[in-house]
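Undergrad: need a 3D model of the sequence below.
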Amino acid sequence: MNQNISIVGGCGHVGIPLGLALAEAGHKVTLVDINESAVTEINSGKLPFLEEGAQEVLNRVLNNQLKVTTKPEGISKNDVVFFVTGTPVDGHQNPRIDDFLACIKEYIPFLSSRQLIILRSTLYPGVTDLVDKFLKNELGSVLLAFCPERIIQGKGISEIQKLPQIVSATSTKAEEMAAELFKTIAPRIIRLTPIEAEIAKLMTNAWRYLEFAIANQFYMITEGQGLDFYKIFNALREDYPRASHYARPGFAAGPCLFKDTVQLSAFHKNNFFFGQAAIMINESLAVFLAEQMEKKLKTLQGKTIAILGMAFKADNDDTRGSLSFKLKKILEIKMAKVISSDVYLKDTVSFQKAIEEADGVILGVPHREYLNLKIDKPKVDCWGVWERTGG
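TA: Residues are numbered from 1 along each chain as shown. Below you'll find the model as predicted:
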């Protein structure tokens with residue numbers, strides 16, 4: 001049965017793919033967001049960021065199955081309410097649970113005990129139960145589920161439709177209702193308790209972060225000794241299945257991997273030593289790349305360095321947590337002039353001009369437009385893109 005659904009925080013990277021997938025499946029969906037510019041942009045038929053396949057779906061469902069607004073009043077009329085606000089961390093790497101609870105409290109006037117409330121973004125373990133107690137105190141009873149998103153940014157719609165959905169809830173009724181809803185867009189349902197689901201999400205992202213850390217550590221070990229990492233990397237993987245899964249080096253950035261590794265560490269009383277080591281390794285890669293360029297040029301003082309790619313991942317326009325900006329600051333501390341270039345970002349220099357004006361070039365993110373560039377200047381490429389293409 002089709003549902004009337006509100007998604008609070010619905011104009012972000014989690015809410016839009018979810019809302020479009022649900023609307024495409026026949027549900028009546030309203031994206032509710034305080035970001036007025038994003039709401040206006042979507043209502044004009046445009047997306048505020050790159051999302052594969054999303055524009056075509058938006059064209060089909062906007063003003064039919066999908067509505068977008070800054071006004072929360074309509075939430076009270078709907079059957080299902082999603083909250084996609086996650087648990088952030090503060091400057092001391094502690095989960096800021098109060099921020100998340102404050103968001104829930106803000107929308108209490110529009111919630112009721114008859115609605116299925118689904119928490120969607122990453123949560124610190126135990127937060128679902130805290131929300132359950134709070135809502136029961138405010139509403140008398142509650143139908144609460146936690147169903148973490150599992151998508152790769154930029155491919156959210158296709159992955160929602162292909163990947164199993166983890167469903168957890170604080171009651172059997174809420175679990176069944178959430179499972180039935182997600183069956184309309186996901187191929188399979190996996191059931192966990194709320195705390196199991198919360199930890200599963202953190203472990204998923206921390207595992208990926210650890211994979212990058214191992215790759216980055218190997219890269220810095222070999223290149224730091226003057227060896228060719230990719231010659232070794234390719235040799236150890238060639239026709240050797242046990243090494244086929246090796247991750248490649250590169251900036252481990254974005255809004256989730258670092259943050260969720262920190263949260264998992266906090267949950268284990270800061271005794272997650274692998275995770276803490278991974279943070280030090282991944283964050284130090286920017287320093288290492290600056291030092292590699294410094295070796296090639298003998299000095300960075302007075303030199304012009306181009307960074308190609310300022311987004312946090314390839315073929316994307318999201319800069320949240322991007323380590324290219326950390327690299328830029330490190331280069332500037334060493335008295336270099338930095339030219340920022342990104343084909344997906346406005347107000348940056350074209351890569352052709354950046355390369356022409358630079359004394360050296362560092363690949364920040366391997367956007368597809370950079371893959372076959374031929375650069376005859378000193379360059380640093382931890383991704384191995386130009387090594388493979390002879391750039």
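
Undergrad: got the domain ranges for this structure?
TA: The chain breaks down by automatic domain parsing into domains covering 4-194, 203-389.

Undergrad: can I get those domains in JSON lines including mean pLDDT and mean neighbour count?
TA: All C-beta atoms are positioned from the backbone trio N, CA, C, and that covers glycine. Below are the domains of the chain laid out as JSON lines (pLDDT from 0 to 100; neighbours: other Cβ atoms under 10 Å):
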{"stretch": "domain 4-194", "mean pLDDT": "94", "mean neighbour count": "19"}
{"stretch": "domain 203-389", "mean pLDDT": "95", "mean neighbour count": "18"}
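
Undergrad: ok, which stretches of the stretch 151-300 of the chain are strands?
TA: Ranges of strands in the stretch 151-300 of the chain, per DSSP state E, counting those that start in this stretch, are 165-169, 189-191.

Undergrad: name the residue most distant from the centre of the chain?
TA: Distance from the centre of the chain peaks at Lys298, with 36.5 Å (Cα atoms, centre = their mean).

Undergrad: surely Lys136 meets Leu143?
TA: No. Look at Lys136 against Leu143 with Cβ atoms under 8 Å: they stay out of range, at 10.7 Å.

Undergrad: how much space separates the closest residue to Ile75 other than its chain neighbours from Ile34?
TA: The shortest distance from Ile75 to any non-neighbouring residue, by Cβ to Cβ, 6 or more residues apart in numbering, is to Phe110 (3.9 Å). Phe110 sits 14 Å away from Ile34, going by Cβ to Cβ, to the nearest Å.

Undergrad: repeat that for Ser340.
TA: On the measure of Cβ to Cβ, Ser340 and Ile34 end up 29 Å apart.

Undergrad: same question for Glu332.
TA: 34 Å.

Undergrad: give the contact list for the residue lying closest to Ile281 once chain neighbours are set aside.
TA: Nearest residue to Ile281 in three dimensions, chain neighbours excluded: Ala213, at 4.4 Å (Cβ to Cβ, 6+ apart). Counting by Cβ atoms under 8 Å, 6 or more residues apart in numbering, Ala213 touches 252, 277-278, 281-282.

Undergrad: also Ala290?
TA: 300, 327, 330-331, 334, 362.

Undergrad: for those residues, give me JSON lines that also has secondary structure and distance to Ser350.
TA: Shown next, in JSON lines, are those (DSSP: H, G, I helix; E, B strand; the rest coil; distance: Cβ to Cβ, whole Å):
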{"residue": "Leu300", "secondary structure": "coil", "distance to Ser350": "23"}
{"residue": "Leu327", "secondary structure": "helix", "distance to Ser350": "19"}
{"residue": "Ile330", "secondary structure": "helix", "distance to Ser350": "24"}
{"residue": "Leu331", "secondary structure": "helix", "distance to Ser350": "20"}
{"residue": "Lys334", "secondary structure": "coil", "distance to Ser350": "25"}
{"residue": "Ile362", "secondary structure": "strand", "distance to Ser350": "16"}
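
Undergrad: nearest to Leu119, of those?
TA: Using Cβ to Cβ, Leu327 comes nearest to Leu119 of the contacts of Ala290, at 35.0 Å.

Undergrad: you'd agree the closest one is up against Gly364?
TA: Yes. Leu327 lies in contact with Gly364 (Cβ under 8 Å); the separation is 6.5 Å.

Undergrad: pull up the overlap in contacts between the two.
TA: By Cβ under 8 Å, 6+ apart, the residues touching both Leu327 and Gly364 are Ile307.

Undergrad: Val39: which element?
TA: helix 36-43 (DSSP states H and E).

Undergrad: how far off centre is that helix?
TA: What separates the centre of helix 36-43 from the centre of its chain is 21 Å, taken as Cα atoms, centre = their mean, to the nearest Å.

Undergrad: what helices and strands are in contact with it?
TA: Identification of packing neighbours for helix 36-43 by 3 or more Cβ pairs under 8 Å, 6 or more residues apart in numbering; DSSP states H and E yields strand 66-69.

Undergrad: hey, what's the residue lying closest to Asp381 once chain neighbours are set aside bridged with?
TA: Excluding the flanking residues, the one nearest Asp381 by Cβ to Cβ, 6+ apart is Leu363, at 4.3 Å. Counting by DSSP bridges, Leu363 forms beta bridges with Leu308.

Undergrad: contacting residues for Leu363?
TA: The contact partners of Leu363, taken as Cβ under 8 Å, 6+ apart, are 308-309, 370, 379-383, 385-386.

Undergrad: hmm, Met310 is touching Ser324, no?
TA: Yes. With contact defined as Cβ under 8 Å, Met310 counts as touching Ser324 (4.6 Å).

Undergrad: mutual contacts of the two, please.
TA: Counting by Cβ under 8 Å, 6+ apart, the contacts common to Met310 and Ser324 are 340, 364-365.

Undergrad: turn these into a markdown table, columns for distance to Ser171.
TA: What follows is those, written out as a markdown table (distance: Cβ to Cβ, whole Å):
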| residue | distance to Ser171 |
| --- | --- |
| Ser340 | 50 |
| Gly364 | 47 |
| Val365 | 44 |
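
Undergrad: closest to Leu62 out of those residues?
TA: Val365 (30.7 Å).

Undergrad: what comes into contact with the one helix or strand Ile355 maps to?
TA: Using DSSP H and E, Ile355 falls within helix 351-357. By Cβ under 8 Å, 6+ apart, the residues outside helix 351-357 that reach it are 304, 306-308, 339-341, 343, 349, 361, 369-370, 373, 375, 377.

Undergrad: ok, now with 10 Å
TA: Under the criterion Cβ atoms under 10 Å, 6 or more residues apart in numbering, residues 304-309, 337-343, 348-350, 361, 367, 369-370, 373-377, 379 lie in contact with helix 351-357.
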